[in-house]
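[1] sequence unknown, structure follows:
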C-alpha cells in the first residue's frame, strides 16, 4: 500500500473495513461454536492491531517535505518490521495462551490481510 493511504479518511475507512471483516467472520463462526468465534476474533485482532500501531507510528512522525527520503524510507521499514513482529507475537499469544482453534484464527487473519490489499482499490474507486 502506498503512503498516501495513511492520511485521514482513507486510513480510517480501511481500518473500519478491516474491523467489520473480522467482526462479521467472528459472528459467522459463532454458528459453529463459541470457541471458533473467539478464535476468529483473535485472528482478526492479530492482524488489525498491528495495522493500527503501524498507522499511528507513521502519523506521529512529522516529516518535512524538505527532509531526505531516506529518513522516510527507514521509518516505513521500521514500522513494517514492528508490525510483523507484533502480528507474530499476537498469533503466538492467541495460539499458546488462549488455545485458539487454528482454522478460524488463520482464516480470519488472512481475510483481514486480504481486505488490507483489496480495500484501497474499492475505496479509491
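    Thanks, I have the structure now. Since we're looking at a predicted model, the values are computed, not measured.

[2] mind checking how far the residue positioned nearest the centre of the chain is from residue 30?
    With distances taken as CA atoms, centre = their mean, the residue of the chain nearest its centroid is residue 48 (3.0 Å). As judged by CB to CB, to the nearest Å, residue 48 and residue 30 stand 18 Å apart. Where C-beta positions appear, they are placed from N, C-alpha and C, glycine not excepted.

[3] ok so, going back, element containing the residue nearest to the centre of the chain, please.
    In this structure, residue 48 is located in helix 34-60 according to DSSP states H and E.

[4] which helices and strands does that helix pack with?
    Applying 3 or more CB pairs under 8 Å, 6 or more residues apart in numbering; DSSP states H and E, one finds that helix 34-60 makes contact with helix 8-29, helix 69-96, helix 102-123.

[5] show the average pLDDT along the longest one.
    Mean per-residue pLDDT for helix 69-96: 91.

[6] which parts of it are buried?
    By 16 or more other CB atoms under 10 Å, the buried positions in helix 69-96 come out as 76, 79, 83, 86, 87, 90, 91, 94, 95.

[7] so where is this structure shaky, pLDDT-wise?
    Along the chain, segments meeting pLDDT under 70 span 1-7, 62-68.

[8] hang on, the earlier thing: out of the helices and strands packed on helix 34-60, the one nearest residue 60 is which?
    Proximity of the helices and strands packed on helix 34-60 to residue 60 was assessed by CB to CB; the nearest stretch is helix 69-96, lying at 10.1 Å.
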